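Q: need a 3D model of the following:
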Amino acid sequence: MVNADQLRSGMTSHLGTPSDFDFFAGNWGIKNRRLKQRNVKSDEWDEFEATQKAWVLLDGVANVDEFDCPERGFKGMSMRTLNLETGQWSIYWINSTTGRLLNPVIGGFNGDHGLFYGDEVDAGVSVISRFEWLVHPSSPTWKQSYSWDGGATWELNWVMELTRTGTI
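A: Here you go, the predicted structure:
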């Protein structure tokens, strides 16, 4: 079975630089579309609004954001760190409902396309998680997909369409 490390090993064109997440600094409005049930071939989506604030830190080798979703009763935070030796970003997530820092997804960018993989557990089952960033300065998109079969197939389960609402 393939794991996230093996998927990342073929990503030599997806490396990181300290300016990769500069586009993200500021305030955002977010249209979320999250699959209601995963790994059951569902096509029912939960759609909801959220806001986000993001800051670039340490001359670009780190950044954080706070995701606020009062409609669903939770907040979340991502922290991204760039390993300058490997050129790989690690993206960590924590939310207010569990307070638990999840395993990172690791990867980088090839132009305006970011690709990141990590090993995760979903509903008690090991999965590979894939994050994709499609960078457009005023309207980036983030997507999350899971694979239950070692990366042979992927199920898109969350899409965030961001619109800039201001700078910090």
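
Q: by mean pLDDT, which helix or strand of this structure comes out lowest?
A: helix 4-9 (a mean of 74; mean pLDDT, DSSP states H and E).

Q: tell me the buried residues in the next helix or strand after it?
A: Helices and strands here follow DSSP states H and E; after helix 4-9, the next one along the chain is strand 26-35. In terms of neighbour count (16 or more other Cβ atoms under 10 Å), strand 26-35 has its buried residues at 26, 28, 30, 32, 35. Where C-beta positions appear, they are placed from N, C-alpha and C, glycine not excepted.

Q: and those, which is closest to D5?
A: L35 (25.7 Å; Cβ to Cβ).

Q: partners of the one residue sitting closest to the centre of the chain in the sheet?
A: By Cα atoms, centre = their mean, the chain has its centre lying nearest to F131, at 4.6 Å. Taking DSSP bridges as the rule, F131 bridges to F116, Q144.

Q: 275 is where my numbering starts, stick with that
A: New numbering, starting at 275: the last item is F405.

Q: can you read off the pLDDT for it?
A: pLDDT recorded at F405 is 97.
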